[in-house]
Each structure stands twice: as structure tokens, then as C-alpha cells.
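Colleague: quick one: sequence and predicted model below, then my questions.
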Amino acid sequence: MYATGGLLSLIKPFAVDKGNGGYELTEECTMGFKKDFVWGAATSAYQVEGAYNEDGRGLSVWDVFTHEDGRVFGNHTGDIACDHYHKFREDVKLMGEIGIKAYRFSISWSRIIPNGTGTVNEAGIKFYSDLIDELLKNGIEPYITLFHWDYPYELYKRGGWMNPDSIKWFADYAELIVERFSDRVTHFITFNEPQCFIGAGFKNGEHAPGLKCPERDVFLMCHNVLKAHGAAVKAMRKAAKQPIKIGYAPTGTMPVPAEEKDIEAARRALFECPDIDAWVWGVSWWSDPVILGKYPEEGLKKYAEYLPEITDADMKLIHQPIDFYCQNIYQGVFVKADENGGSVRLPYKTGITKTAIQWNVVPECLRWGPRFLYERYSLPVYITENGMSAHDTVSLDGRVHDPNRIDYTHRHLIELEKAAKEGADIAGYFHWSLMDNFEWACGYSERFGLIYVDYDTQERIVKDSGYWYRDWIKNHVR
Ligand code: NOJ
């Protein structure tokens, strides 16, 4: 098998030079998923925990947003969600049944620091500490996401990400987490999908806090978030009780080459800076500063009139060494080269399979996305989210049969394995989601889980896909 494109330079250690410009991959590389590959599932605090006003938890922007009429489908809220706060032991047991090796969850900032800064809520700390202990007892490795969108409301009232102090607020919060949990936890992820909490929260207003801000404010918030990431990484390294590993988890639709000759066009498309209307969804604008230490030139030119002051000191702060790169990947788009050296996104083919939430199914996104990302950033890649919503039903036999989710996951994992075989360093895969949960603006109308949740009774049922994933993991753990 031959490697193609820029990946070649990175896989040389795994490849034998054939002397004809090609490299044959060694067995280590062609075996696919590596030995210590991490098979997991993910959730986030606001989407599953509930207990929104218990044991001293402060409010987040999502609590306030969901309590306003008409913001969320059916006026659903995360007040109770999956009641994971009370049922986490049962949930860990189910994780054991599915056989996942790692659980990615997020911490609710206002549960452990109700005002966002200052007094620590020990009851909140205890919840996460107990959860970590329970996971470890069951042989499941905790992966902690520090921020998955539920910004403390008290800090929002002080200007949130617009306030230059927001950088230190986040760094202090990160330090506390690492101080309290790094005796038992090794993997920490700073931000989940910054594109989304800034883009949907402050640009199109579909998510909390529901604002449509002027473009220059949104760029400033982006810059402050990136600085907060850097400041947090520094604080976390200092506070760590043992060597820790830090990652960062943006999102994006992955361009897929329509044909072999379009590989370069797809690669270019992934890292290009979209026009101003869509700038916030770009990948390189959010990831280059963190990993390469600079904003992409194309964006600096395109967005010049909206940008805040960007200093060398800012870039130095943002560019802290991290240990792994995460990407949430749900969708792809086919791309081909045009005659002028550009890239064209092709329309989806008529009748393409869609998920319940109407996302197009393009499994090749899990081959090309991770490959391109590994080439550019040279860090081990984790797929921190991938999965689909479906119209799941409890059948007359009491089981939840979800063949579409099995098919989706299977196809995506086949593609991911190709990326690994082709030399990209793929470190892990977290299915989204462990269980059905509060799907933001869609409320409970979209089900993404491997476990079905009856929101009236809080009964859980492992879906067929959960058992399928169990078998997949069994067959792939070496
Ligand atoms: C991205 C988000 O991180 C997660 O919270 C959300 O539920 C899933 N994707 C599905 O939309």
C-alpha cells in the first residue's frame, strides 16, 4: 500500500523507501488501530447532569437561556436532564456493560465555583471526585473537558469573554480542576467546540446566551478564548500533581476528496478561512494559533477590519505546547479541484442518507479529516465526538433496535482505521454520546445515545448499537 500527499513526510518512520518515489508502510503502521487505542464515549455536564440548583450550584448561561420562553424546542431545559448527578453510579455500571475504556465528561464550572471566581463549592467538587473514583474502580479512564459551553452566569454579567479578565477567570478555574483531580486523572481538554459556543452563542444567537453581536466583538471573544486556553495550559502544568496530558477540541465539517486527484483540493479546503459570514466555523483560525503559534495569513487579510489588537505576547501565550489534538467530527463534504487551483465543495448527491437531525452521512470524513489534521499539527489525534441522532423507539420486545446507528458507526470506524493504516497517529475515539441527552436548541427531540433514556422514568436501556460497540471494542483491544 502506498501513502499519498503530505502525510508521507510524517509516516517516514513507519515506511520503507521503495526507491521509486513511493513508500511501503511497515506492519506497525498497516495494522490499523494501535495497541493502546482509547475506545470511549462522551457526554457533557449540562446535557446529562440535571440537579441544576442543588448542593450550591450556581447558574450558567444555559440555565437562564432554557428558562426563557421559545429559546429551545418545546421549552425543554436541562434542569433534570438524565439525572446523571444522582444516577452516575448506575451509569458507570452501564459503561462497564458496554465495555468502554474511557469516559469523556465535562465539568460544570458553576457547580464547583458558583460565581465563576472565588468561593469553591466543595459539594460540587465531591460529585466529580466520586464520579472519578467510580470510573477508576470500574477500569474506565476519565477524560475531563473543562468547558463544554455552560458559562457561569455571574461571569457573563461581568462581560464574559468580552472582559479581558475572562482569561484569568478561566485559568484559575483550570488550575482548581487540576489541583483537585490530577492525582487520579491524566487527560484534560480545555475547550469543546469553541466555534460553536462563540458562533451559535454570540453570532447567530441560536445557543445561550442567544446574542447576535457585532463581528468585531465576536473576533475579540475568539481571541480571548484562545488566550484563556493558553493561560489555562500554563496554570494546569504548574498545578499538576503528576505529569498530565492536555488537549483542545474544536469541530468542523471535513472536506473529502471526490477523487484521488482532489486530495490537495480537499486539504486546502479544510484549512481555508471562510468568508466573513462563516468565519467562525473555520478550522485553521481556531487551531493554527494554538498549535502553530500564528493566525492563518489568509484570515488576517480577509478579516483585518474586524480584528482586535493581536500582540506577539498574545500569540506566545496562546501557543503553549499541548499533548494531543482533538476533533469532533460528524460530517463531511466532497470537494474537487477547480481549474484555478481552488477547491469546490460539491452538492450532496440526491437522496443521500441523513441522520434524524438532517446531517448528511459521509463516512469518509473520518479518514481524510484526521489525516489532514495530523499532517498539519503533528499531534496524536483523538476523535472526541462522532455519532448520530436517530428516531429511536422502545420496541414491543422492550429493546431499542437502532441499525442506522450501528451502520453509521461501523462505516465511520472503517474509514478511521484507514487513516490509521495510512500513517496518521490516531489515539482514540469517543462515541457521542454515551446516552441520550439534552441536545441544546433541539431539547430532547434528538437522541444521540448508545443508551436510551426515558426522561419520564429515567429508565436506561442499552441500545443495540451499545452492544454492537461492546463487541467492536472487544475485537479491537489488543
Ligand atoms: C457537538 C457538541 O459538543 C455536543 O454537545 C452535541 O450534543 C453534539 N455535537 C451533537 O450535536
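Modeller: Received, thanks.

Colleague: when you work out contacts or count neighbours from here on, use the C-alpha atoms and nothing else.
Modeller: OK.

Colleague: name the element K234 belongs to?
Modeller: Under DSSP states H and E, the secondary-structure element containing K234 is helix 215-239.

Colleague: low-confidence ranges, the protein, go.
Modeller: Residue ranges of the chain with pLDDT under 70: 1-30.

Colleague: try it again with 90
Modeller: 1-31, 341, 478 (pLDDT under 90).

Colleague: can you show me the strands along the stretch 101-250 of the chain?
Modeller: Using DSSP state E, counting those that start in this stretch, the strands of the stretch 101-250 of the chain run over residues 102-106, 141-147, 187-192, 245-249.

Colleague: could you dump the ones you listed to CSV with distance to L379 and mean neighbour count?
Modeller: What follows is these, written out as CSV (distance: least, Cα to Cα, whole Å; neighbours: other Cα atoms under 10 Å):
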stretch, distance to L379, mean neighbour count
strand 102-106, 19, 24
strand 141-147, 17, 24
strand 187-192, 14, 24
strand 245-249, 10, 23
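
Colleague: how about CSV for those strands, with distance to E175 added?
Modeller: Listed next are those as CSV, based on distance: least, Cα to Cα, whole Å:
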stretch, distance to E175
strand 102-106, 15
strand 141-147, 10
strand 187-192, 11
strand 245-249, 13
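
Colleague: which of those strands sits closest to S343?
Modeller: Taking Cα to Cα as the criterion, strand 245-249 is the member of those that comes nearest to S343, at 25.5 Å.

Colleague: flag every buried residue along stretch 293-301.
Modeller: Judged by neighbour count (16 or more other Cα atoms under 10 Å), stretch 293-301 contains these buried residues: G293, K294, Y295, P296, G299.

Colleague: how far is stretch 216-224 from where the chain is centred?
Modeller: The chain centre lies 21 Å from the centre of stretch 216-224; the measure is Cα atoms, centre = their mean, to the nearest Å.

Colleague: and for stretch 40-59?
Modeller: Distance, stretch centre to chain centre, for stretch 40-59: 17 Å (Cα atoms, centre = their mean).

Colleague: and the end-to-end length of it?
Modeller: Here the two ends of stretch 40-59 are set 29 Å apart, with distance taken as Cα to Cα, to the nearest Å.

Colleague: what about the helices in the stretch 201-350 of the chain?
Modeller: 215-239, 263-271, 284-292, 297-302, 312-318 (DSSP state H, counting those that start in this stretch).

Colleague: and those as CSV, adding distance to I414?
Modeller: Formatted as CSV, the helices of the stretch 201-350 of the chain follow (distance: least, Cα to Cα, whole Å):
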stretch, distance to I414
helix 215-239, 33
helix 263-271, 19
helix 284-292, 26
helix 297-302, 34
helix 312-318, 35
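
Colleague: quick one: closest of those to D402.
Modeller: The nearest among these, by Cα to Cα, is helix 263-271 at 31.5 Å.

Colleague: now do the closest one: which elements does it pack against?
Modeller: strand 254-257, strand 332-337, strand 343-345, helix 365-377 (3 or more Cα pairs under 8 Å, 6 or more residues apart in numbering; DSSP states H and E).

Colleague: I276 against E305, yeah?
Modeller: No: I276 is beyond contact range of E305, at 10.7 Å (criterion: Cα atoms under 8 Å).

Colleague: so which of the helices and strands packed on helix 263-271 is the most packed in?
Modeller: Stretch with highest mean neighbour count among those: strand 254-257 (a mean of 28; mean count of other Cα atoms under 10 Å).

Colleague: strand partners of it, parallel vs antiparallel please.
Modeller: Applying DSSP bridges, strand 254-257 is found paired with strand 332-337 (parallel).

Colleague: who's in contact with the strand it pairs with?
Modeller: Strand 332-337 has contacts (Cα atoms under 8 Å, 6 or more residues apart in numbering) with 253-259, 261-262, 264-266, 269, 343-348, 360-365.

Colleague: let me have the helices and strands packed on helix 263-271 in JSON lines, adding distance to S284 as columns.
Modeller: Output for those, formatted as JSON lines (distance: least, Cα to Cα, whole Å):
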{"stretch": "strand 254-257", "distance to S284": "12"}
{"stretch": "strand 332-337", "distance to S284": "16"}
{"stretch": "strand 343-345", "distance to S284": "16"}
{"stretch": "helix 365-377", "distance to S284": "10"}
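
Colleague: out of the ones you listed, which gets nearest to S389?
Modeller: strand 332-337 (16.0 Å).

Colleague: okay, angle between that closest one and helix 263-271 too, please.
Modeller: 130 degrees (axes from the mean of the first three to the mean of the last three Cα atoms, to 10 degrees).

Colleague: what packs against the helix holding K234?
Modeller: Against helix 215-239 (3+ Cα pairs under 8 Å, 6+ apart) you get helix 166-181, strand 187-192, helix 194-198, helix 284-292, helix 312-318.

Colleague: what are the buried residues along it?
Modeller: Applying 16+ other Cα under 10 Å to helix 215-239 flags 215, 217-237, 239 as buried.

Colleague: again, but for stretch 202-215
Modeller: Applying 16+ other Cα under 10 Å to stretch 202-215 flags F202, K203, G205, E206, H207, A208, P209, G210, L211, K212, E215 as buried.

Colleague: quick one: contacts for the last one?
Modeller: Going back to what we said before, that points to E215. E215 neighbours (Cα under 8 Å, 6+ apart): K203, Y306.

Colleague: how much space between it and E122?
Modeller: Counting by Cα to Cα, the gap from E215 to E122 is 39 Å.

Colleague: and A337, by the same measure?
Modeller: For A337 relative to E122 (Cα to Cα), the value is 56 Å.

Colleague: cool, and L155?
Modeller: 20 Å.

Colleague: so which of those two has more stuff around it?
Modeller: L155 (21 against 13; other Cα atoms under 10 Å).

Colleague: for that one, list the residues it contacts.
Modeller: Here L155 is in contact with N115, G116, T117, S166 (Cα under 8 Å, 6+ apart).

Colleague: hmm, S284 is touching R268, no?
Modeller: No: applying Cα under 8 Å as the test, S284 and R268 come out as separate, 10.5 Å apart.

Colleague: so the two - more neighbours on which side?
Modeller: For S284 and R268, the more surrounded residue by other Cα under 10 Å is S284, and the numbers stand at 23 against 18.

Colleague: which ones are touching the residue lying closest to that one once chain neighbours are set aside?
Modeller: Once flanking residues are discounted, S284 sits nearest to F271: 5.1 Å by Cα to Cα, 6 or more residues apart in numbering. For F271, the contacting residues are G282, V283, S284, by Cα under 8 Å, 6+ apart.

Colleague: one more: H84?
Modeller: V48, E49, G50, D91.
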